[in-house]
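*Asks:* Here is my input, please return the structure:
(one chain, ligands or ions: 3)
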Amino acid sequence: MELQVADVIQWMEKSNDSIQANKDYLSSLDRAIGDGDHGINMARGFQEVVSKLTTSDYQTVSDVLKDVSMTLLSKVGGASGPLFGTAFLKMSTTVKGMEKVDANQLGEAFQEALNGIKLRGKANKGDKTLVDVWEPVVEFFKSSDSIDANALAEVAKQAMESTKELEARRGRAAYLKERSIGHLDPGSVSSYYIFTALSEVLQK
Ligand code: ADP
Ligand code: MG
Ligand code: MG
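*Replies:* Ligands and ions are numbered 1, 2, ... in the order given. I've put the predicted structure just below:
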């Protein structure tokens, strides 16, 4: 497994495709336990990401990831902009200067991204946030020498589904306490789309 500049751009394009296609669904999930804007936030941010990436020239994977981060940080408000922005910034600095990354390096980049998300959001696994998807994905990368794309998609799917039964302890959903149980966490669903998109790029 190896990701080059063009693969990372394709990863972001595929992420954007699912986010645009599921924009209303993401907002409806957020209407149930938040303020109903998650689809709008993510769709705006990832559309801008794709516009930026497809009109720029890149030599390194890290520069692509840095532009993803800067775009999300500047174009997406709310909780998710800074959280996803931090995640991609940490990934960028972890693979700084690299023209391509292998499975181990990508795993390390995801580990740093997860650390950044947890620090920024003060969230841990089980708090019903996107940490509940990112952490199992990091564990999956750590536990495998070669990455099976289908297995990656399955790990992300199960992790996303696991948020339904959790009671929220961070973010707007935490105000609902036990009434947040029975609903998927919106940020976990958008994270699931991002990892599914990655699995599709790795499939090729
Ligand atoms: P906002 O809640 O500001 O409207 P969004 O609706 O775009 O922002 O994003 C909500 C998502 O952000 C949640 O579903 C959750 O996954 C994530 N989130 C919110 N607060 C935190 C936090 N403190 N730590 C980690 N993730 C969080
Ligand atoms: Mg919201
Ligand atoms: Mg909001």
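*Asks:* now the strands for the protein?
*Replies:* Taking DSSP state E, the strands of the chain run over residues 2-4, 100-102.
*Asks:* how about those strands in CSV, adding mean pLDDT, distance to residue 195 and mean neighbour count?
*Replies:* Bear in mind the C-beta positions are built from the backbone N, C-alpha and C, glycine included. Below are these laid out as CSV (pLDDT from 0 to 100; distance: least, C-beta to C-beta, whole Å; neighbours: other C-beta atoms under 10 Å):
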stretch, mean pLDDT, distance to residue 195, mean neighbour count
strand 2-4, 96, 13, 17
strand 100-102, 97, 16, 17
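*Asks:* Export the ones you listed as TSV, with columns for distance to residue 87.
*Replies:* Shown next, in TSV, are these (distance: least, C-beta to C-beta, whole Å):
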stretch	distance to residue 87
strand 2-4	16
strand 100-102	15
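*Asks:* Can you check which of those gets nearest to residue 203?
*Replies:* strand 2-4 (12.5 Å; C-beta to C-beta).
*Asks:* residues from this structure in reach of ligand 1?
*Replies:* Selection of the chain residues close to ligand 1 by C-beta under 6 Å from any ligand atom yields 30, 34-35, 37-38, 41, 78-80, 83, 121-123, 129-131, 170-172, 185-188.
*Asks:* I'd like the strands of the chain as TSV, with distance to ligand 3 appended.
*Replies:* Shown next, in TSV, are the strands of the chain (distance: least, C-beta to the ion, whole Å):
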stretch	distance to ligand 3
strand 2-4	31
strand 100-102	32
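*Asks:* so which of those strands gets nearest residue 64?
*Replies:* Among these, the nearest to residue 64 by C-beta to C-beta is strand 2-4 (9.7 Å).
*Asks:* the helices in the chain, which residues?
*Replies:* Counting by DSSP state H, the chain has helices at residues 5-21, 23-33, 38-54, 61-75, 80-94, 103-121, 131-143, 149-162, 186-203.
*Asks:* What is the first one packed up against?
*Replies:* Contact partners of helix 5-21 among helices and strands, from 3 or more C-beta pairs under 8 Å, 6 or more residues apart in numbering; DSSP states H and E: helix 38-54, helix 61-75, helix 186-203.
*Asks:* Let me have these in a markdown table, adding mean pLDDT as columns.
*Replies:* Formatted as a markdown table, those follow (pLDDT from 0 to 100):
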| stretch | mean pLDDT |
| --- | --- |
| helix 38-54 | 98 |
| helix 61-75 | 98 |
| helix 186-203 | 97 |
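*Asks:* and among those helices, the most buried is which?
*Replies:* helix 186-203 (a mean of 23; mean count of other C-beta atoms under 10 Å).
*Asks:* Return the residues of this protein in contact with ligand 3.
*Replies:* Taking C-beta under 5 Å from the ion as the contact definition, the chain meets ligand 3 at 35, 37, 78.
*Asks:* quick check, nearest of these to ligand 1?
*Replies:* For the residues of the chain next to ligand 3, the residue nearest ligand 1 by C-beta to the nearest ligand atom is residue 78; the value is 2.8 Å.
*Asks:* Excluding chain neighbours, what is closest to the closest one?
*Replies:* Leaving out its chain neighbours, the residue that sits closest to residue 78 by C-beta to C-beta, 6 or more residues apart in numbering is residue 41, at 5.3 Å.
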